[in-house]
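Engineer: I need the structure of the sequence given here:
(chains A, B, C and D)
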Protein chains: 4
Amino acid sequence: MSTPVGIAHIGIVGFRGYSGAEAVRILSKHPNCEPVLLEHRSDAGGDAKLLRKSSVLRAAATPEAVGAAGITAVLLATPPEVSMDLAPKYLDAGAVVIDLSGAFRLQTAERYKQWYKEEHTAESLLASAVYGLPEYNREATRCAKLVSNPGCYPTAANLAIRPLVSAGIVDRAAGIVCDAKSGVSGAGRKATLKNAFCEVTENFSAYSILNHRHVPEVLQTSGLSEEEFSFTAQLIPIDRGILETIYFRTVEPMTAAEILEVYLAQYRDEPFVRLYEAGNVPDLKAVQRTNFCDIGVIADPKSRRCVVVSAIDNLVKGAAGQAIQNMNLALGFEETAGLL
Amino acid sequence: MSTPVGIAHIGIVGFRGYSGAEAVRILSKHPNCEPVLLEHRSDAGGDAKLLRKSSVLRAAATPEAVGAAGITAVLLATPPEVSMDLAPKYLDAGAVVIDLSGAFRLQTAERYKQWYKEEHTAESLLASAVYGLPEYNREATRCAKLVSNPGCYPTAANLAIRPLVSAGIVDRAAGIVCDAKSGVSGAGRKATLKNAFCEVTENFSAYSILNHRHVPEVLQTSGLSEEEFSFTAQLIPIDRGILETIYFRTVEPMTAAEILEVYLAQYRDEPFVRLYEAGNVPDLKAVQRTNFCDIGVIADPKSRRCVVVSAIDNLVKGAAGQAIQNMNLALGFEETAGLL
Amino acid sequence: MSTPVGIAHIGIVGFRGYSGAEAVRILSKHPNCEPVLLEHRSDAGGDAKLLRKSSVLRAAATPEAVGAAGITAVLLATPPEVSMDLAPKYLDAGAVVIDLSGAFRLQTAERYKQWYKEEHTAESLLASAVYGLPEYNREATRCAKLVSNPGCYPTAANLAIRPLVSAGIVDRAAGIVCDAKSGVSGAGRKATLKNAFCEVTENFSAYSILNHRHVPEVLQTSGLSEEEFSFTAQLIPIDRGILETIYFRTVEPMTAAEILEVYLAQYRDEPFVRLYEAGNVPDLKAVQRTNFCDIGVIADPKSRRCVVVSAIDNLVKGAAGQAIQNMNLALGFEETAGLL
Amino acid sequence: MSTPVGIAHIGIVGFRGYSGAEAVRILSKHPNCEPVLLEHRSDAGGDAKLLRKSSVLRAAATPEAVGAAGITAVLLATPPEVSMDLAPKYLDAGAVVIDLSGAFRLQTAERYKQWYKEEHTAESLLASAVYGLPEYNREATRCAKLVSNPGCYPTAANLAIRPLVSAGIVDRAAGIVCDAKSGVSGAGRKATLKNAFCEVTENFSAYSILNHRHVPEVLQTSGLSEEEFSFTAQLIPIDRGILETIYFRTVEPMTAAEILEVYLAQYRDEPFVRLYEAGNVPDLKAVQRTNFCDIGVIADPKSRRCVVVSAIDNLVKGAAGQAIQNMNLALGFEETAGLL
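Structural biologist: Residues are numbered from 1 along each chain as shown, chains lettered A, B, ... in the order given. The predicted structure is shown next:
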């Protein structure tokens, strides 16, 4: 795709959700883009009652809007079933589609049904969908018409785990543990008792232990088998941020500095992966409202035990930020435009 | 009502809600009572999956349960429309009823309709319902069959305001401002977008400014007119607690110590009202998980400005605790039983 | 001051505090500026241990840094006593100084001593310091060498109250109540038991009732007398944001729409004041991480009661954002540069 | 020790700290005890300014108070260095001592120095100190003069891990991971920047990865070696509660129900350990303000992966509650007195 002349109009479906609203915020400051809010019937909630009205562009979430509003790309910040419905229509209308749902992340409809417990209704698109983890799929994304934006948990997990597995330094017989914690915005903007304020505040809870639907994304990208990978998702009583504490043993005794060399070999030039000095790890404040994935390493060479902490903002690098990073690649913009 | 022999069975409808669950907790430690959970079709949510099952008594929320389970009193921790349906039935079945909803707080059906925007469907009970603010209605409550438990905001407001108005020290021409803040449990246990964790955390918002349905309870008890009383409800991102900051001018210059004398005259022997030294005010930590209403006074005699801070736990003195205080009175138990 | 050629170097003393760090964040995205971190001996805390070091400019917080680092303006995000020490030195070194402390906000040293309980040690600068509330002091700020940035509470209060008082619509005999609530970052970044997490979370507390040191700033700008103005500061268990609920009576019966006309007359063209439709008010989410002051009005003409809600982010419009707005004016940049 | 006649006076040193205050709360409702607040020079903070003064007993934290106030036992809710100073004095004065610090938990002074980085100054008491984990040391505690109350993290960890290790079902070659999360009250009541509200809220951070001073307590009780045990402590932005997510592989394929049989064999009659149905795990709300340790199991027999979640309230079962459970044993009271 050639670089567009002037400012590109980018449609967002689901702009009232947390990821969609974050995308609108980022696009509003993007040097090459202007957001177009696409109203979908499934949207809930209204707008602020300001006297001076916002001048943001709006249209109905129909394929016709693509031509009528001169839309170059559409971000689908929608549930998988809505994405499976809308993605083919927007592609037919000529837009690049970046889907933030889980609809196109797994490689086969069978695997989708196994983990999402629903039929896939747009199976024909699976073959051409590019899994948009730019650190590993940058070139494919540049040519993509349909980008499947990675899940929030898998983004933090794969960026931390894949280099270790690729380098062959993980004692896979002992397995890898990924203890993941997320802010509540990861569950989306909807009214549920589970996410009601009084149920969450001053609480901490684990869910989907060993069977979270994000697990197959980690297996697919990291090369681990399900048996080697133990994953627990947990809810922190905060708005946003994911921190994953990852435990494994190295095949040979290695210091944190030596393990960091493996990461440096992979990420030295990556704009959105930051590494910490040996013995230091990130907290969530370091990454909130940024598109960074921060990684730190602690190791005890004697026992070959290693702990890696990987942190992202689930709404940015885990959703809208990475979606715009992918959009930048697919539309030929500077990869970091609007994101630093 | 004569004092029951042995342990009284107390039914709770709405025991999965926040107020109902608090009532169960208090009754479980009450020396004279044992709770009976009354399952109502409107209940949401399930119970903890413990291997060793709880031995708490249970029954269906029907009038027949009163006789079958030997129930002496029923606490209705239900919405007004459910209370209007159930209260007559439980009264007919011979139980004392303590209603925690707004159904029987206002003295006429007209006034109910005006503020609650719904028809009253149990109007015949309004005349006999006792408004259960024990500090002012103790004797009537001892003989009551139906006690209407005060609202959370009005409890904190009336305990602070009524003695001042009664003593004639308030410059009523200047009006009284009551700026009220509540934890989110005051909105009840239900799935709404408004109370979703990410909407509330790190936020603070005002609602029902000048027209909250708790206003007429304050007018009815304090003696103020609507024109004299400005009330704003606000949501604090916490689980529980109400703090009201009350502003007025004294008719004559008065020090905080002099104003405290007015309170002392009223509350010296009250078990659940605590006063602070002149110049000191309570915070929410002082009252959470207690049945106390804490009151402190700041005054500037020169300008006759006065600020009173009144704090309660909305689920205890503002709901379940006061309900059990009322129940203790109505059943002839020690007023403070289970509450200190 | 003429518009500088190229990028201006802006020094920040106190860059590890909450206001200072916010200033660095804003300046990092400012089209005309680049921040220079000025290390002062009073600073606490260290920097993130990233492998790839940040390229932000740094220097010691000495007057010599002004010439050595080509610094055009210095933001002092420091306690008043440090500001009184440093401001004259940086002014002598030729820099424009924007002081975020209370050191230069009150017009006389006597008044400073009365409210801050300390001697003023830079009294000679008081006459030339411009009180930087741009909506009222825009022209003076354009020529200022020393700008005194308003306090957080007074910014929200004065923007809401001054137009009402100027228009003569407030019944001043009844007084104005300003019930103010602030996130904890307003107290600064320091280790105190009062601001320890477990003391604040799930709590809500009032402090400095009727005698907060921000009161004289409100009197000075709004034209109210101390006797007419009742102010309470309160701590919300959140990071950032100020919401003030303001109560008064109009002289004549007025609707919310009529009161909004008063605001519109004043703020129609202001870039950072937003008004809400009659009957709607802002919450904190509306203003967090923005330089806006949002104002909404509720009124009951019959009783002449009126409630105005004014909300800002205490670290942005209440501190660093307004400081940069003032800096933009003083250095001849676009007033909104870096702030939208 | 024979059962005391009447009500026992129990001294608390450190009663203004979070654990100490919790002990006072529990003892105030204890059927056999009355608390005596022992003022120590290291105490910070003051008391609520209530007009009606509390009638709680008070004395100076000196050994003479034991005789003068008729004190039977003293709870030391103090830092290790204060406990090493006071414990011998109170023992000499004839009181039973329950120490909540880490001073007497490890079996040798060498091990104390290795993990606490300080000299042990009361080494002679180590031999007679009983490690008060009642589920494993009940009989020894009944005869103890000095009880060393377990750490918060080790309580949750040992109750979950020891039965598994004892039963020989853990694949120790693969190691056990304990990913622990704690509310902030675990850090004690003191003014530090690390625990300041704005540093903690909306954040989540790991600390003491692989080298937390609580690790040797887990090794000592569970029978694991340091090489087999990977432990990370993490801060949840809440007041209280510890949740530990524990990962291991079983030697042979086992279902969650089979693993629960191992726990049932150990804990069937324990009053303060609760087990969940297979496939269910506790959250923090289930245990806050209780003395329970709740344990749930998830397992995948095919891959032999197992996840155990163990939850306690760090101030109750992790500190004051367990201390009073130990005191009950040492003084001959009902073990559960004051704790249900």
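Engineer: my read: residue A:239 touches residue B:199, true?
Structural biologist: No - the pair residue A:239 / residue B:199 is not scored as a contact, 9.7 Å apart, by Cβ atoms under 8 Å. C-beta coordinates here come from the backbone N, C-alpha and C atoms, glycine included.
Engineer: starting at the chain centroid, how far to stretch A:324-339?
Structural biologist: On the basis of Cα atoms, centre = their mean, to the nearest Å, the separation between the geometric centre of stretch A:324-339 and that of its chain is 15 Å.
Engineer: quick one: residues in contact with that stretch.
Structural biologist: If you take Cβ atoms under 8 Å, 6 or more residues apart in numbering or on different chains as the criterion, stretch A:324-339 is touched by A:1-4, A:8, A:10, A:23, A:26-27, A:29-33, A:72-73, A:75, A:96, A:98, A:132, A:134, A:138, A:141-145, A:147, A:149, A:271-272, A:291, A:321.
Engineer: tell me the buried residues in that stretch?
Structural biologist: Buried residues in stretch A:324-339, counted by 16 or more other Cβ atoms under 10 Å in any protein chain shown: A:324-331, A:333, A:335, A:337-339.
Engineer: could you tell me the end-to-end distance of it?
Structural biologist: The separation between the terminal residues of stretch A:324-339, taken as Cα to Cα, to the nearest Å, is 8 Å.
Engineer: one more: stretch A:137-156?
Structural biologist: Length of stretch A:137-156, first residue to last, Cα to Cα: 16 Å.
Engineer: show me what from chain A comes close to chain C.
Structural biologist: On the criterion Cβ under 8 Å from any Cβ of the partner chain, chain C has as its neighbours in chain A the residues A:48-52, A:201-202, A:260, A:264, A:274-277, A:280, A:282, A:286.
Engineer: circling back: any chance of the buried residues of stretch A:324-339 in TSV, with distance to residue B:15 too?
Structural biologist: Written out in TSV, the entries for these read as follows (distance: Cβ to Cβ, whole Å):
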residue	distance to residue B:15
A:324	48
A:325	50
A:326	49
A:327	51
A:328	54
A:329	55
A:330	54
A:331	56
A:333	57
A:335	56
A:337	55
A:338	51
A:339	50
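Engineer: lowest pLDDT pick from the residues of chain A next to chain C?
Structural biologist: Within these, the minimum per-residue pLDDT falls on residue A:48 (79).
Engineer: helix, strand or coil for that one?
Structural biologist: coil (DSSP: H, G, I helix; E, B strand; the rest coil).
Engineer: residue C:275 versus the residue nearest to it when sequence neighbours are not counted, what's the distance?
Structural biologist: Excluding its sequence neighbours, the residue lying closest to residue A:48 (Cβ to Cβ, 6 or more residues apart in numbering or on different chains) is residue C:286, at 6.1 Å. Shown here: residue C:286 relative to residue C:275, a distance of 12 Å by Cβ to Cβ, to the nearest Å.
Engineer: shared neighbours of those two, anything?
Structural biologist: Applying Cβ under 8 Å, 6+ apart, one finds that residue C:286 and residue C:275 are jointly contacted by residue C:294.
Engineer: taking the buried residues of stretch A:324-339 one by one, which sit in helices?
Structural biologist: For the buried residues of stretch A:324-339, membership in helices holds for A:324-331, with DSSP state H as the criterion.
Engineer: closest to chain B among the residues you listed?
Structural biologist: Set against chain B, the nearest of those by Cβ to the nearest Cβ is residue A:324 (21.0 Å).
Engineer: do you know how far the closest one is from residue A:22?
Structural biologist: 9 Å.
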